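>>> Compute the structure for the input listed below.
(one chain, ligands or ions: 1)
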Amino acid sequence: MRRIYLDYNASTPIDPAVAAAMLPIVDQHFGNPSSGHWASIGAKAVLDTARSQVAALLGCHSDEVVFTSGGSEANNLALKGVFFKLREKGNHIITTAIEHPAIVEPCRFLERLGAQITFLPVDGTGRIDPNDLRLAITPRTILISIMHANNEVGTVEPIEECARIAHERGVLFHTDAAQSIGKIPTEVNQLRLDLLSIAGHKIYAPKGIGALFVRRSIALEPLIHGAGHEGGRRAGTESALLAVALGKACELVRDLAAMERVRVLRDHFWIELQKRFGNRVVLNGHSVHRLPNTLNVSFVDRIGADILARLNGVAATTGSACHSGRVELSPVLSAMGIGADVGMGAIRFSLGHPTSRDEIDAVVTQLTEVLAVPG
Ligand SMILES: Cc1ncc(COP(=O)(O)O)c(C=O)c1O
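Numbers count the residues shown, from 1 in each chain. The predicted structure is shown next:
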């Protein structure tokens with residue numbers, strides 16, 4: 001069986017250069033970066049370098065980077081950290097109907113503590129209307145969190161405009177950039193962001209490391225209290241090993257030229273599917289404002305999970321999930337107003353740096369064979 005991996009939005013393999021950068025930490029720099037003696041000097045130096053590599057990708061200062069355990073923790077720190085700090089000022093948080101559970105669930109948790117959450121609707125392509133945001137802001141709004149790009153359909157949100165609206169009203173703006181980082185520009189000053197979350201395992205670093213950008217002027221309540229690591233924003237001895245991996249990965253994905261090659265492959269994939277299946281295949285997500293690696297398509301009147309099960313060796317994701325024996329549409333596709341006849345047939349293919357044209361052609365051939373058999 002030939003294995004073809006088209007699930008890079010779920011996770012990426014570790015880049016060999018990232019793995020190589022981690023090796024010296026494994027056998028040399030074991031000291032505690034905070035110790036201040038000979039054994040800590042190496043660890044502290046690599047941690048500093050890693051932080052500046054992350055900062056270079058985001059276009060921010062090194063001291064604005066807080067290392068976390070991943071995207072989920074970064075999102076939790078942003079939402080809860082702001083809420084706990086500003087709850088005297090207000091309790092209203094605005095987000096969208098298509099966020100990752102790492103935003104939705106902290107919001108639900110904060111609701112139980114008295115927060116009021118507004119989930120902005122999206123259109124059929126998965127985009128929010130900035131005017132809806134304008135209308136949703138109240139004097140009690142303390143934070144707006146809108147994802148940069150959606151993990152399922154790849155739609156890129158108009159966050160620059162949303163951040164401008166937030167700042168006109170004196171509200172902090174956070175974006176979950178776990179999917180956009182390394183795929184499209186994510187410079188915090190260009191996008192006018194106050195907080196931004198990233199996850200290492202989406203950009204060829206290992207799982208268990210991520211970061212939150214926190215603008216210098218912003219004070220957060222930490223989630224983990226302890227010694228003053230990470231500028232008092234996240235206690236716990238830093239893992240130089242994982243930080244180095246994230247730093248190297250950030251350095252590698254800074255040049256977005258590789259994503260242009262991926263975009264061409266992704267578009268080739270879509271053109272081939274249209275040629276073979278005509279109006280029996282539908283694109284989910286925005287045709288233009290979309291991540292260059294993501295192709296979420298629906299095979300009309302078919303079940304995506306059944307198709308995937310019949311593809312041999314292809315790793316991809318469906319747009320539906322089985323809950324208590326029933327197949328249900330994903331909340332993202334539901335929020336986009338996609339009906340069951342189309343939505344149930346959704347499959348997300350997400351490409352990465354190692355994806356080849358040969359792999360795409362092999363998947364197209366398999367899909368043609370599988371779909372020739374009535375569902
Ligand atoms: C948009 C988005 N946010 C957050 C996360 C969570 O990141 P992590 O798995 O590093 O906690 C993911 C991962 O799937 C994601 O796609």
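
>>> can you list the weak-confidence ranges in the chain?
320-327 (pLDDT under 70).

>>> and if we set it to 90?
Scanning the chain with the threshold set as pLDDT under 90 gives 1, 27-29, 36, 39, 319-328, 341, 373-375.

>>> Skipping adjacent residues, who's closest to Gly231 in space?
Using C-beta to C-beta, 6 or more residues apart in numbering and skipping the chain neighbours, the partner closest in space to Gly231 is Asp63 (6.1 Å). In this view, the C-beta of every residue, glycine as well, is placed from N, C-alpha and C.

>>> can you count the residues close to that neighbour?
Around Asp63 there are 12 other residues, counting by other C-beta atoms under 10 Å.

>>> ditto for Ser217
Count around Ser217 with other C-beta under 10 Å applied: 8.

>>> which ones are touching it?
Not one residue lies near Ser217 by C-beta atoms under 8 Å, 6 or more residues apart in numbering.

>>> separation between it and Asn75?
20 Å (C-beta to C-beta, to the nearest Å).

>>> Now do the contacts for Ala316.
Ala316 makes contacts with Leu6, Asp7, Leu308, Ile347, Arg348, Phe349, Ser350, as judged by C-beta under 8 Å, 6+ apart.

>>> PyMOL command to pick out the buried ones of the residues you listed?
The buried residues among the contacts of Ala316 can be selected in PyMOL (16 or more other C-beta atoms under 10 Å) with this line:
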select buried, resi 6+7+347+348+349+350
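
>>> farthest pair in the contacts of Ala316?
For the contacts of Ala316, the maximum inter-member distance is 13.4 Å, found between Leu308 and Ser350 (C-beta to C-beta).

>>> got the residues of the chain near the ligand?
70-72, 75, 100, 102, 147, 151, 176, 178-179, 199, 201, 210 (C-beta under 6 Å from any ligand atom).

>>> Please narrow the residues you listed to those residing in strands.
In strands, judged by DSSP state E, the following of those are found: Asp176, Ala199, Gly210.

>>> most neighbours, which of the residues you listed?
Highest neighbour count within those, by other C-beta under 10 Å: Asp176, with 32 neighbours.

>>> can you pull the contacts of the residue lying closest to that one once chain neighbours are set aside?
Counting by C-beta to C-beta, 6+ apart, Asp176 lies nearest to Met147, which is 4.4 Å off, once chain neighbours are set aside. Met147 makes contact with Thr96, Ile98, Glu99, His100, Ile103, Glu157, Thr175, Asp176, Ala177, Gln179, according to C-beta under 8 Å, 6+ apart.

>>> go with 10 Å
Going by C-beta atoms under 10 Å, 6 or more residues apart in numbering, Met147 touches 75, 95-96, 98-100, 102-103, 126, 128, 155-157, 159, 174-180, 197.

>>> Quick check on the residues you listed: which are buried?
75, 95-96, 98-100, 102-103, 126, 128, 155-157, 159, 174-180, 197.

>>> that older thread, of the residues of the chain next to the ligand, which belong to helices?
Gly71, Ser72, Asn75, Ala102 (DSSP state H).

>>> quick one: which of these is nearest Arg2?
Among these, Gly71 lies closest to Arg2 (C-beta to C-beta), at 30.7 Å.

>>> what about the helices in the stretch 201-350 of the chain?
All helices of the stretch 201-350 of the chain, identified by DSSP state H, counting those that start in this stretch, fall at 229-232, 240-253, 257-277, 304-310, 331-335, 340-343.

>>> Give me whichever of these is most buried.
Stretch with highest mean neighbour count among those: helix 240-253 (a mean of 26; mean count of other C-beta atoms under 10 Å).

>>> Pull the distance from it to the chain's centre.
The chain centroid and the centroid of helix 240-253 are separated by 17 Å, computed with C-alpha atoms, centre = their mean, to the nearest Å.

>>> Need the CA coordinates for it. PDB is fine.
The C-alpha trace of helix 240-253 is given here as PDB (Å, rounded to 0.1, in the frame of the first residue of the first chain):
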ATOM      1  CA  ALA A 240      14.800  24.600  25.500                       C
ATOM      2  CA  LEU A 241      14.400  21.400  23.400                       C
ATOM      3  CA  LEU A 242      10.900  22.300  22.200                       C
ATOM      4  CA  ALA A 243      11.500  26.000  22.000                       C
ATOM      5  CA  VAL A 244      14.500  25.400  19.700                       C
ATOM      6  CA  ALA A 245      12.300  23.300  17.500                       C
ATOM      7  CA  LEU A 246       9.600  26.000  17.300                       C
ATOM      8  CA  GLY A 247      12.300  28.600  16.600                       C
ATOM      9  CA  LYS A 248      13.900  26.600  13.800                       C
ATOM     10  CA  ALA A 249      10.500  25.800  12.300                       C
ATOM     11  CA  CYS A 250       9.500  29.500  12.300                       C
ATOM     12  CA  GLU A 251      12.800  30.300  10.500                       C
ATOM     13  CA  LEU A 252      12.100  27.700   7.900                       C
ATOM     14  CA  VAL A 253       8.500  28.700   7.100                       C
END
